[in-house]
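J.: need a 3D model of the following:
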Amino acid sequence: PDGVRAALGPLVRAAALGDRVNVSVADVLTGQPLFGQGADDGTVPASVTKLVTAVTVLAARGPAYRIPTRAVAGANPGEVVIVGGGDITLAVDKDGFYPGAARLDDLADQVEQALGGTKPTKVIIDGSLYSGPTLEPGWDEDISGYGAPITALMTDGARGDVPQAKKDYEAGMHGATRVSQPDLTAGRAFARLLGVPTSAVSRGTAPTAETGATAGPGTELGKVESLPLVRLVDIMITDSDNILAEALARQVALARNQPASFAGAAVAVDQVAGELGLAADELALADGSGLSRTNRISPSLLTDLITLAGNGDHPELAAIFGGLPVGGWSGTLGDRYGSAATKSGAGVVRAKTGTLTGVSAIAGVVTTKEGRLLTFAVLTDRVPADGTDPARVALDQISA
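T.: From the prediction side, this is the model:
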């Protein structure tokens, strides 16, 4: 502890970080705290929130769980109801944004086979799995490109121009034009695949199938499933995918019989955190992505969470490490750790970052020269105006 304090003490006082810098450092193997400054204080976490979403969804659903998208028979002949299950990675066809995603064209083929000679005439979108507002009130107005209305049915993370989004992603830009009504956009794409005019697409609710029925209203006509949860968590953490994070938080809600809403997900995430032995009183969330400024997480909860995932007691939680960006190499850390003051962190720091205007955060793991695996979290929510870049450099110096 004395050595860590000597190394970090001057760095956490950097003016670029503002006057509220909360820090926790611990040894993963033993759980021993090594350094703390405001370690138990709730702080705006930004996208570091996704680590909590990742651990709780892995605990609640399990790494192998796949999110279904179903089609069932409507109340009248020719009606097809597509039932959103919360898979935001769903693609229209083989050219989707997320590699390996479930596809609407596969679902349409299943529907046509199940209907036999009956021609589909109408598509109904059932998004009733989700409730509450589609946008969280604590989100900034300028999140366009990184956020979208959260609906139970959507394709390609609500991206409006998938080919352009893929080009931008390859160039390192993760923002994209998002559609304003993701459920209707997906429903209309499904209708086109079935040969149904888009004018015959509407929102509604699937009828309940009679027990044991093999035909008639509500019977399943087809189903496709997402990539396993372990892979979705990888994508969410590596790309800091906000919309995927909100979908995964709602899976925690569903697993704990809470409403699949922002509020229900917050309750369920808190519940699962408590089940894992984490200090849930140091966690207050309004969303699962970290876009909300009303979120609060303590640095020590983050280091406790990472320790829990890394010490071998919960092997299913270790999946969070696969997606963690690596300093100077991948994800949101790919273009960092290149200066003389930070280069020792290149290839060594594995961490999730978080940034909002006035907020900068980083949390993850680092291996010391002696081979000890340490976990750290540094959160600051009073970054000076226009100081995002200097704050980022100061955080990199701490982790390096």
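J.: what residues are up against the closest residue to Pro68 other than its chain neighbours?
T.: Distances taken as C-beta to C-beta, 6 or more residues apart in numbering put Gly85 closest to Pro68, at 4.6 Å, once the chain neighbours are dropped. Bear in mind the C-beta positions are built from the backbone N, C-alpha and C, glycine included. For Gly85, the contact set (C-beta atoms under 8 Å, 6 or more residues apart in numbering) comprises Ile67, Pro68, Thr69, Arg70, Leu129, Ala152.
J.: let's verify Gly85: helix, strand, or coil?
T.: Classification of Gly85 using DSSP: H, G, I helix; E, B strand; the rest coil returns coil.
J.: try the one 10 residues further on
T.: At Asp95, secondary structure determined by three-state DSSP is coil.
J.: per-residue confidence for the closest residue to it other than its chain neighbours?
T.: Of all residues beyond its chain neighbours, the one nearest Asp95 is Val162 (6.7 Å), with distances taken as C-beta to C-beta, 6+ apart. Listed pLDDT for Val162 reads 97.
J.: list the contacts for Val162?
T.: Val162 neighbours (C-beta under 8 Å, 6+ apart): Asp95, Gly96, Phe97, Asp156.
J.: and Ala319, how far from Trp329?
T.: Going from Ala319 to Trp329 by C-beta to C-beta, to the nearest Å gives 19 Å.
J.: out of the two, which sits in the more crowded spot?
T.: Ala319 (22 against 15; other C-beta atoms under 10 Å).
J.: wait, that one touches Ile235, no?
T.: No - look at Ala319 against Ile235 with C-beta atoms under 8 Å: they stay out of range, at 11.7 Å.
J.: and the contacts of Val162, which are buried?
T.: Buried members of the contacts of Val162, scored by 16 or more other C-beta atoms under 10 Å, are Gly96, Phe97, Asp156.
J.: wait, doesn't Thr185 sit right on Val179?
T.: Yes - between Thr185 and Val179 there is a contact at 4.6 Å, judged by C-beta under 8 Å.
J.: next, the nearest residue to Leu373 once chain neighbours are set aside: phi, psi?
T.: Among residues not flanking Leu373 along the chain, Val28 sits closest, at 4.3 Å (C-beta to C-beta, 6+ apart). Note on Val28: its backbone torsions stand at phi -70, psi -40 [degrees, to the nearest 10].
J.: what's the answer for Leu34, then?
T.: phi -110, psi -20.
J.: what residues are up against it?
T.: Taking C-beta under 8 Å, 6+ apart, we find Leu34 in contact with Pro1, Val4, Val25, Ala26, Asp27, Leu374.
J.: of these, which belong to helices?
T.: Within these, residues falling in helices by DSSP state H are Val4.
J.: centre of the chain to stretch 209-224, how far?
T.: 32 Å (C-alpha atoms, centre = their mean, to the nearest Å).
J.: what's in contact with it?
T.: By C-beta under 8 Å, 6+ apart, stretch 209-224 touches 68-76, 80, 90, 102-104, 106-111, 114-115, 206-208.
J.: pull the CA atoms of stretch 269-286 into CSV?
T.: This file holds the C-alpha atoms of stretch 269-286, laid out as CSV (Å, rounded to 0.1, in the frame of the first residue of the first chain):
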residue,chain,number,x,y,z
VAL,A,269,-29.2,-4.7,-11.3
ASP,A,270,-29.1,-3.5,-7.7
GLN,A,271,-30.7,-6.8,-6.5
VAL,A,272,-28.2,-9.0,-8.4
ALA,A,273,-25.3,-6.8,-7.1
GLY,A,274,-26.5,-7.5,-3.6
GLU,A,275,-26.8,-11.2,-4.3
LEU,A,276,-23.1,-11.2,-5.3
GLY,A,277,-22.1,-9.6,-2.0
LEU,A,278,-21.4,-6.2,-3.5
ALA,A,279,-22.1,-3.0,-1.6
ALA,A,280,-25.4,-2.2,-3.4
ASP,A,281,-25.9,0.9,-1.3
GLU,A,282,-22.9,2.4,-3.2
LEU,A,283,-24.8,1.8,-6.5
ALA,A,284,-27.6,4.0,-7.8
LEU,A,285,-28.4,3.6,-11.5
ALA,A,286,-30.9,5.1,-13.9
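J.: what residues of it count as buried?
T.: Neighbour-count burial for stretch 269-286, counted by 16+ other C-beta under 10 Å, picks out Val269, Asp270, Gln271, Val272, Ala273, Leu276, Leu278, Ala280, Glu282, Leu283, Leu285, Ala286.
J.: same question for stretch 193-210.
T.: Across stretch 193-210, burial judged by 16+ other C-beta under 10 Å covers Leu193, Leu194, Val196, Ala200, Val201, Gly204, Ala206, Pro207, Ala209.
J.: lowest pLDDT pick from those residues?
T.: Ranked by pLDDT, those bottom out at Ala209 (86).
J.: part of a strand, is it?
T.: No - judged by three-state DSSP, Ala209 forms no part of a strand; its state is coil.
J.: how near is it to Ala394?
T.: Applying C-beta to C-beta, the value for Ala209 to Ala394 is 58 Å.
J.: before we move on, what about Ala255?
T.: Counting by C-beta to C-beta - Ala255 and Ala394 are separated by 38 Å.
J.: which one's more surrounded, those two?
T.: More neighbours surround Ala394 than the other of Ala255 and Ala394, with 25 against 18 (other C-beta under 10 Å).
J.: dump the residue contacts of the more buried one.
T.: Applying C-beta under 8 Å, 6+ apart, the residues near Ala394 are Leu11, Ala14, Ala16, Leu17.
J.: the last one: neighbour count?
T.: Burial of Leu17 is recorded as 24 neighbouring residues (other C-beta under 10 Å).
J.: how near is it to Leu8?
T.: Separation of Leu17 from Leu8 (C-beta to C-beta) stands at 12 Å.
J.: now the third one
T.: The spacing between Ala16 and Leu8, counted by C-beta to C-beta, is 15 Å.
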